[in-house]
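S.K.: Build me a structure from this.
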Amino acid sequence: GAVSFLNKVLDAIGRRVKASSFDDYGNVSIGIKEHIMLPGVKYDPELGIFGMDVCVTLEKPGLRVMRRRVKRSRVPRRQRVSREEAIVFFIKELNTRVV
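M.R.: Down below sits the predicted model:
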């Protein structure tokens with residue numbers, strides 16, 4: 001799933017993410033210079049080489065209240081992922097260095 005793909009991306013970039021890649025709402029953006037850096041991806045001459053940006057949004061349970069169609073309401077700040085919580089998640093759960 002998403003975590004396994006994220007682990008492949010982190011392996012491709014050496015498990016280091018800049019602190020400036022995190023925003024205040026739990027979003028993270030990671031850039032890859034060449035798609036063949038991903039483990040298991042081989043070079044295809046028809047496709048060539050391309051870079052990509054991987055954008056990750058971390059959410060806590062209960063955020064559906066904000067997006068649902070019926071009876072939509074606001075979500076308090078404590079129910080959203082902060083920048084610090086996102087950094088701690090990447091360090092502890094994904095074994096990533098934040099520089």
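
S.K.: Please make it C-alpha for all contacts and neighbour counts, starting now.
M.R.: Fine.

S.K.: Give the helix, strand or coil label for the residue positioned nearest the centre of the chain.
M.R.: Nearest to the mean C-alpha position of the chain, by CA atoms, centre = their mean, lies Val56 at 2.7 Å. Of the three states, Val56 takes strand according to DSSP: H, G, I helix; E, B strand; the rest coil.

S.K.: measure it to Lys71 for me?
M.R.: In this view, Val56 and Lys71 are 27 Å apart by CA to CA, to the nearest Å.

S.K.: Could you identify the helix or strand that succeeds the helix or strand bottoming out on mean pLDDT in the chain?
M.R.: Sorting the helices and strands of the chain by mean pLDDT, DSSP states H and E puts helix 64-67 at the bottom, at a mean of 91. Following helix 64-67 in sequence order, the next helix or strand is helix 83-93 (DSSP states H and E).

S.K.: C-alpha coordinates for that next one, CSV please?
M.R.: Extracted C-alpha coordinates of helix 83-93, given in CSV (Å, rounded to 0.1, in the frame of the first residue of the first chain):
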residue,chain,number,x,y,z
ARG,A,83,4.6,19.7,11.8
GLU,A,84,6.3,18.3,14.9
GLU,A,85,4.0,15.2,14.9
ALA,A,86,4.7,14.6,11.3
ILE,A,87,8.5,14.8,11.9
VAL,A,88,8.3,12.4,14.8
PHE,A,89,6.2,10.0,12.8
PHE,A,90,8.9,9.9,10.0
ILE,A,91,11.7,9.5,12.5
LYS,A,92,10.1,6.8,14.6
GLU,A,93,7.8,4.8,12.3
